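Peer 1: Fold the following for me, if possible:
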Amino acid sequence: MAGEVFTLRCFEDNGLLKKVLEQPGQGRVLVVDAGGSDRCALVGGNLGALVEKNGWSGIVLNGCVRDLQELSELSVPVWAISSHPRRGSKHGAGEQQLPVDIAGVLVLPGDWCYADDDGIIVARQPLHR
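Peer 2: Numbering: from 1, shown residues only. Model (predicted):
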């Protein structure tokens, strides 16, 4: 996975996340600061399908996912800290395109995110040609 970063901050609420994923991804990577919550999942099979359908390169989620079988069948990766069967709320709370802290790494809108089976890196400029 590789792409320019679009950031989102939402805590236990995936309403705004869904709205963002319904927009054309243009090959970007959605980096979501969900506060590291392990009390519910923000992404499941339906939102994963939106990632694929709308041209996102993938998601890096500082939170949980559900529907692991469906997510594993996607052609785009979804990275998360864990899985949880309970859904998050859908009120639409959150903020987009602002700096987020993911596991101690400051990620800015417009950064570049690269990921493979060994891990994830973020760079201020594209590392590929």
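Peer 1: what's stretch 32-44 in contact with?
Peer 2: 7-14, 17, 59-67, 70-71, 78, 80-89, 100-102 (C-beta atoms under 8 Å, 6 or more residues apart in numbering). In short, each C-beta sits where N, CA and C put it, glycine included.
Peer 1: Looking at the residues you listed, which are in strands?
Peer 2: Counting by DSSP state E, the contacts of stretch 32-44 place 7-9, 59-65, 78, 80-83, 100-102 in strands.
Peer 1: shouldn't Y114 be in contact with W79?
Peer 2: No. Look at Y114 against W79 with C-beta atoms under 8 Å: they stay out of range, at 11.6 Å.
Peer 1: Quick check: neighbours shared by these two?
Peer 2: Joint contacts of Y114 and W79 (C-beta under 8 Å, 6+ apart) are I120.
Peer 1: Show me how far the helix ranked longest in the chain is from its chain's centre.
Peer 2: Longest helix of the chain, by residue count under DSSP state H: helix 45-53. Helix 45-53 sits 11 Å away from the centroid of its parent chain (C-alpha atoms, centre = their mean, to the nearest Å).
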